[in-house]
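[1] Build me a model from this:
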Amino acid sequence: MSSRILIVDDEQGIREQITRWLNYEGYKTEQAANAKEALALIRKMNFNVVLLDLKLPDMDGFALLEKLHQEYPDICVIILTGFGDEDSPAKARAAGAFDFFAKPIHFESLIHRIDTAINQFRAERENYYKREEEKLQFQFENIVGQSEAMQRVLDLIQKIATTEETILIQGESGTGKELVAGAIHYNSLRRQNPLIIADCAGLSENLAESELFGHEKGAFTGAYARKIGKFERAHQTSLLVDEIGELSPHLQLKFLRFLQEKTFERLGGTEHIEVDVRIIAATNANLPEAVNQNRFRQDLFHRLNRVVITVPPLRERRADIPLLVSHFIKKYNRRNAKSIKDISKPALDLLEKYHCPGNVRELENIIASAILLEDGEVIKPETIRMRLVQPVADFQPNYRNLTFREARRIFEKAYLTQLLEQTGGNISQAARLAELDRTHLRNKMKSLGMRDMDDNGNAE
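    Numbering: from 1, shown residues only. Model (predicted):
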C-alpha cells in the first residue's frame, strides 16, 4: 500500500514541485495552503507523513506541529522551511518533528528521510501496539482465582511490584509463572518499557550466554558479528529469566556477579557493561534440591531467595476451575468469533475431577479446543472428554500375548503422551523431566508414531 503524504506550504509552486517529486517515487500526495486546510484533510484521511512549512498565513508552524504531535502521534512530521534561526531544528525536534530541512530542498535527501521516517514510525507504532497488548495480557484481572492460594500470590505481587527487588517465581509447568512476571512488571515503575523475556531451557552454554549477555564477533564458531544480549536490551526495564535452574555453573556465577555488581561482559569481550535491569527469575525446578545435589550455586540461590512467589498447581486450587473456565470461554469466543454461552455441569464436573497434569495451560488448551469443536451454545461433556489424558497410573493395558517389545512400546507411548500433556507439548521440558536428550526424545516419538511438536506445543 502506497504511503500518503500531506504537503503543507503557503507557496503553490513549492507544493506542486514536491508533489511531482513524490508522485514520481510512487507516493500518494495531498496539498494544503494553510493550517485550516491541513487539519481538515487530516481529519478525513490517513497520512503517514506531513511535510510542514513553519511560515503559514493562519497559524504559527510550531503551534501546528505541537497540535499534530499531541492529537495525531501516528503521523510523522518533517519541517520544511526557508525561515528560522540556528535554534529552530532543535526546537522543532523537541516539539515532535522527526526531521528539519532548510529550503532550498535537496530532492534525494528528502526522499531518503521520508523513507526512513515511514519505516521508523511503522516500527514504533507496531511496538506501541504490542506494548499495549502486553499490558492488557498481564493485567491483574487476567490472573484469575479466588482461592486462598491465589489470593496470597496476588497480595504478594501488589506488595513487591513497585520495588526494585529481584524476584524468584517458582511453580510447575503451566501454572502461569510468565503471567505473574508480567503482572509484576506492568505494575512496576518500569512499565513504560516492554518486559524482556529470556528462556534458558534447552540451550547449550554458549548459546545461553549469548542469549543473555550477547557476544563479540569471533567469540565462537558462527559468531560473525557482535550480538546484543537480553541484559542490554532490558536496560531500564525488567528481564524475565525463565528456567534459571537450567543455567550452567559458569553462567550461574556470571549471573550472580551481575546481581552483585550490575555489570557484565559479552561472551568473548572484556568491556564491563553497566545496565539498569530489574531481574525476575522463574523456574519449575526444585532449587533447594538442586543446591543439595551441587547442581545450583548456594550463594545464587540465597540471593534469589529473598522474595519468592510460589504459583500453586491447579490441583491445589480446584475451586478456581469454574472461574478459569468462564474466563477462557470469553477469551476464545472473542478470538474465534464464537458464541459459546456456557459449559454444562457434567462437563465442568469432568474438569473439576480431572488431574490436569499441565495445570492452567492445559485447562486453557482444553477450553480453546472445545470452543472450536462445539456445535451448540453449551460445551458438552463429550467435547471435553476427548481432550482429557488418562493418567499412566490408571492405564492398565492387557499385556497378554504381547512380546516384551510390544508391551514396552505401549507403555512408552502412554508415558510420553502424559509427559507432553504435562508440559503443554514443550519438547525441551519433557526431555528434562524424562532425563533424556532432546534429540533422543524426538526420535523416540517418531518411532512411536507420535506427532512431533515444537517448544510452543504446535504440531510440526
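
[2] Quick one: the helices in the stretch 51-200 of the chain, in order.
    In order along the chain, the stretch 51-200 of the chain carries the following helices (DSSP state H, counting those that start in this stretch): 61-71, 88-94, 107-137, 148-160, 177-186.

[3] Please work out the angle formed by the directions of whichever strand or helix holds F328 and helix 148-160.
    Secondary-structure element containing F328, defined by DSSP states H and E: helix 321-336. Compare the direction of helix 321-336 with that of helix 148-160 by axes from the mean of the first three to the mean of the last three C-alpha atoms, to 10 degrees and you get 70 degrees.

[4] packing partners for helix 321-336?
    On a contact count with 3 or more C-beta pairs under 8 Å, 6 or more residues apart in numbering; DSSP states H and E, helix 321-336 meets strand 342-343, helix 345-353, helix 359-373. Glycine gets a C-beta too; all of them are placed from N, C-alpha and C.

[5] just to revisit the earlier point, ranking the helices of the stretch 51-200 of the chain by burial, who's on top?
    Most buried of the helices of the stretch 51-200 of the chain by mean neighbour count (mean count of other C-beta atoms under 10 Å) is helix 177-186; its value is a mean of 23.

[6] Please work out the angle formed by the directions of it and helix 359-373.
    With the same axes, to 10 degrees applied, the angle from helix 177-186 to helix 359-373 works out at 100 degrees.

[7] CA atoms of helix 177-186 as PDB?
    In PDB, the C-alpha atoms belonging to helix 177-186 read as follows (Å, rounded to 0.1, in the frame of the first residue of the first chain):
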ATOM      1  CA  LYS A 177       4.600 -18.000  36.000                       C
ATOM      2  CA  GLU A 178       5.100 -15.800  33.000                       C
ATOM      3  CA  LEU A 179       1.700 -14.200  33.700                       C
ATOM      4  CA  VAL A 180       2.800 -13.400  37.300                       C
ATOM      5  CA  ALA A 181       6.100 -11.900  36.000                       C
ATOM      6  CA  GLY A 182       4.200  -9.700  33.500                       C
ATOM      7  CA  ALA A 183       1.800  -8.500  36.300                       C
ATOM      8  CA  ILE A 184       4.800  -7.600  38.400                       C
ATOM      9  CA  HIS A 185       6.500  -5.700  35.600                       C
ATOM     10  CA  TYR A 186       3.400  -3.900  34.300                       C
END
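
[8] Report the contact partners of R306.
    With contacts defined as C-beta atoms under 8 Å, 6 or more residues apart in numbering, R306 is in contact with 165-166, 168.

[9] how far away is it from A38?
    As for R306, its distance to A38 is 56 Å (criterion: C-beta to C-beta, to the nearest Å).

[10] if we can go back for a sec, so which of the helices and strands packed on helix 321-336 is the most surrounded?
    Counting by mean count of other C-beta under 10 Å, helix 359-373 has the highest mean neighbour count of the helices and strands packed on helix 321-336, with a mean of 21.

[11] Paired strands for the helix or strand following it, with orientation please.
    With elements assigned by DSSP H and E, the helix or strand that comes after helix 359-373 is strand 378-379. In the sheet containing strand 378-379, its partner strands are strand 342-343 (parallel), by DSSP bridges.

[12] can you give me the mean pLDDT across the partner strand?
    Along strand 342-343, the predicted local confidence has a mean pLDDT of 96.

[13] residues in contact with that strand?
    Taking C-beta under 8 Å, 6+ apart as the criterion, the residues outside strand 342-343 that touch it are 325, 329, 351, 370, 377-379, 384.

[14] residues in contact with L80?
    Contacts were defined as C-beta under 8 Å, 6+ apart; by that measure L80 touches 9, 14, 18, 51-53, 101, 103, 105, 110.

[15] quick one: which of the residues you listed has the most company?
    For these, the largest neighbour count, defined by other C-beta atoms under 10 Å, is 27 neighbours, found at D9.

[16] Which parts of the protein are strands?
    For the chain, the strands identified by DSSP state E occupy 4-8, 28-32, 49-52, 76-81, 99-102, 167-170, 196-199, 237-242, 263-264, 273-274, 277-283, 308-310, 342-343, 378-379, in order along the chain.

[17] R318 versus the closest residue to I321 other than its chain neighbours, what's the distance?
    The spatial neighbour of I321 that comes closest, neighbours along the chain excluded (C-beta to C-beta, 6 or more residues apart in numbering), is E352 at 5.2 Å. When distance is defined by C-beta to C-beta, E352 is 6 Å away from R318.

[18] same question, I111
    63 Å.

[19] domain assignment for the protein?
    Using automatic domain parsing, the domain ranges for the chain come out as 4-127, 138-312, 316-385, 392-447.

[20] For stretch 287-303, give me every contacting residue.
    With contacts defined as C-beta under 8 Å, 6+ apart, stretch 287-303 is touched by 166, 168, 170, 245, 249, 252-253, 255-256, 259-260, 285, 304-305.

[21] Rank these by pLDDT and give me only the lowest.
    Least confident entry in the contacts of stretch 287-303, by pLDDT: A285, with 90.

[22] What is the end-to-end distance of stretch 370-382?
    Distance between the boundary residues of stretch 370-382 (C-alpha to C-alpha, to the nearest Å) amounts to 10 Å.

[23] and it, what's its mean pLDDT?
    92.

[24] And for stretch 213-221?
    Mean pLDDT, taken over the full extent of stretch 213-221, equals 91.

[25] Find the nearest non-adjacent residue to E209, please.
    By the measure of C-beta to C-beta, 6+ apart, the closest residue to E209 outside its immediate chain neighbours is L267, 4.8 Å from it.

[26] Tell me the bridge partners for the one you found.
    Beta bridges link L267 to H215, judged by DSSP bridges.

[27] The contacts of strand 342-343: which two are farthest apart?
    Maximum pairwise distance among these (C-beta to C-beta): 18.2 Å, between L351 and E377.

[28] where in the stretch 301-450 of the chain is pLDDT low?
    When residues are selected by pLDDT under 70, those of the stretch 301-450 of the chain lie in 389-400.
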